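**Q** Sharing a model that was predicted from the sequence below.
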Amino acid sequence: MAGPRYFCLARAREGAIPEASGRGFVAIFTAGILITELSTAFLLFALFRQARTWSLLLLGCAYFYSSLMSVAQVLTFPGAILADQPLVTASPQSTAWIFATWVNGFALLTLIAVFMEARFSEARIGGKNVWRAAVAGFCAVLAAVLTIGLVVVLKSDQLPLLISDLGFTVQSWIVRYLCIALLYASIGLIFFGMRQPSNLYLWLSWALTALVFYNVLAAVGGARYSIGWSAGRLSWLLSACAVFVYFLGQFARQQRDFGSPNDVFDQSSEEGTPEGRYQLIGQHDGPRDN
C-alpha cells in the first residue's frame, strides 16, 4: 500500500511548482472563481424570476454556494493572502475539508437542479412566491456556508484526515471519486434524461466536464502545488467561466437583433407573461422540454 503512495508523492514533487508561486496562484484562481460564479449566480437568479422553474433556482443556488465557498477557501488557505499563514487561523485539515465540501456541495446541488429540469421542467413557482423562493434560497446557501465553515474550522481535529505529508489520503480519494460520480450523473441526465436539452444545459455540461478534468488532473498530481494540481485549477476556472460566457453570448445576440439593451427590455415587457419573457431570453437557446 505504501509503494503507490510514495511513487505518487515522488512524481508530484518532481513536477511541482515553487510553493510560494503556488500560493499566489491560489489567490488569483479563487478570485477568478468568485467573480465568474457570483456573476453567473446573479444571472441565473434573474432568469429564474422570469422562468420560475425549480431547476434555475437550484442552479443559481449552486453557483452562489460555490462563489461563497471560494471565499472560505482563500481565507483558510496558508499563504493565499498572508505570507506563510491563513487569514483565519485553521489547520491544513480545515482547508482540505472546506475544499471537499465546496466541490461536492456544488456537484450535489447541480445534480438536483439538472434532475428537476429533466423530470419536472413544467413545474413552476407561483408568481407571488418567486421573490420569497429566491430569498429563501439565498439565505439557505448563506447559512450552509457559515455552518460548514464553523464546523470545519472548530472541529477539524475530529474529522478524517484528507491530506498528509505523503499527499492526499485514502479518504481524500473517496471524496474526490464521489464528486466525479455526481458530476457524471449530471452530465448523463443532461444528455440522456432530457428530451431536448437547451443550450444553457449544454453549456452546463461543458462546465461539468471541465470540472471532471480538474478532479482527474489533481488526482494525477497527487499533492498540492504539483503540475497536475495547478493544471486542474485552470480547468476548473474554465468550468466556472462556461455558463457565464453563455449568458454573455445570449446578451450579445439580443443586442445585435434588437439594436440596443433598451429595445430588448421593451420587447420583453410586451410579451406579457414570465413564460413569454423567458422564451424571449432563450430564443437563441434551441428547443426546450418545457
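**A** Received, thanks. Keep in mind that this is a model prediction, so the values were computed, not measured. Numbers count the residues shown, from 1 in each chain.

**Q** what's the burial count for the residue nearest to residue 239 when sequence neighbours are not counted?
**A** What sits nearest to residue 239 in space, not counting adjacent residues and going by Cβ to Cβ, 6 or more residues apart in numbering, is residue 210, at 3.6 Å. (C-beta placed from N, C-alpha, C; glycine too.) Residues lying near residue 210 (other Cβ atoms under 10 Å) number 20.

**Q** ok, residue 210 - contacts?
**A** Residue 210 sits next to 235, 236, 238, 239, 242 when contact means Cβ atoms under 8 Å, 6 or more residues apart in numbering.

**Q** Quick one: the strands in the stretch 51-200 of the chain, in order.
**A** 163-164, 167-168 (DSSP state E, counting those that start in this stretch).

**Q** where does the residue nearest to residue 239 sit relative to residue 196, distance-wise?
**A** 23 Å (Cβ to Cβ, to the nearest Å).

**Q** gap between residue 253 and residue 43?
**A** 15 Å.

**Q** Compare these two (neighbour count), which wins?
**A** residue 43 (19 against 13).

**Q** pLDDT score assigned to that one?
**A** pLDDT for residue 43: 95.

**Q** what's the nearest residue to it if we skip its chain neighbours?
**A** Nearest non-adjacent residue to residue 43 (Cβ to Cβ, 6+ apart): residue 247, at 4.7 Å.

**Q** Just give me the neighbour total for that neighbour.
**A** 19.

**Q** Confirm for me that it is in contact with residue 41.
**A** No. In this structure, residue 247 is not within contact of residue 41 by Cβ atoms under 8 Å, at 11.1 Å.

**Q** In the stretch 51-200 of the chain, where is pLDDT below threshold?
**A** Within the stretch 51-200 of the chain, the stretches with pLDDT under 70 are 78-87, 89-90, 165-167.

**Q** Helices of that one, start to end?
**A** With DSSP state H, counting those that start in this stretch as the criterion, the stretch 51-200 of the chain has helices at 54-76, 92-119, 130-154, 170-188, 199-221.

**Q** Would you reformat these as CSV and include distance to residue 34?
**A** Converted to CSV, those look like this (distance: least, Cβ to Cβ, whole Å):
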stretch, distance to residue 34
helix 54-76, 5
helix 92-119, 12
helix 130-154, 13
helix 170-188, 20
helix 199-221, 16
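
**Q** winner for burial among those?
**A** Mean neighbours per residue, mean count of other Cβ atoms under 10 Å, is largest over the helices of the stretch 51-200 of the chain for helix 54-76, with a mean of 24.

**Q** by how many degrees do that helix and helix 92-119 diverge?
**A** Compare the direction of helix 54-76 with that of helix 92-119 by axes from the mean of the first three to the mean of the last three Cα atoms, to 10 degrees and you get 170 degrees.

**Q** so helix 54-76 versus helix 199-221, what angle?
**A** Using the same axes, to 10 degrees: helix 54-76 against helix 199-221 is 30 degrees.

**Q** what's the spacing between helix 54-76 and its chain's center?
**A** 6 Å (Cα atoms, centre = their mean, to the nearest Å).

**Q** Check stretch 120-129 too.
**A** Using Cα atoms, centre = their mean, the offset of stretch 120-129 from its chain centre is 24 Å.
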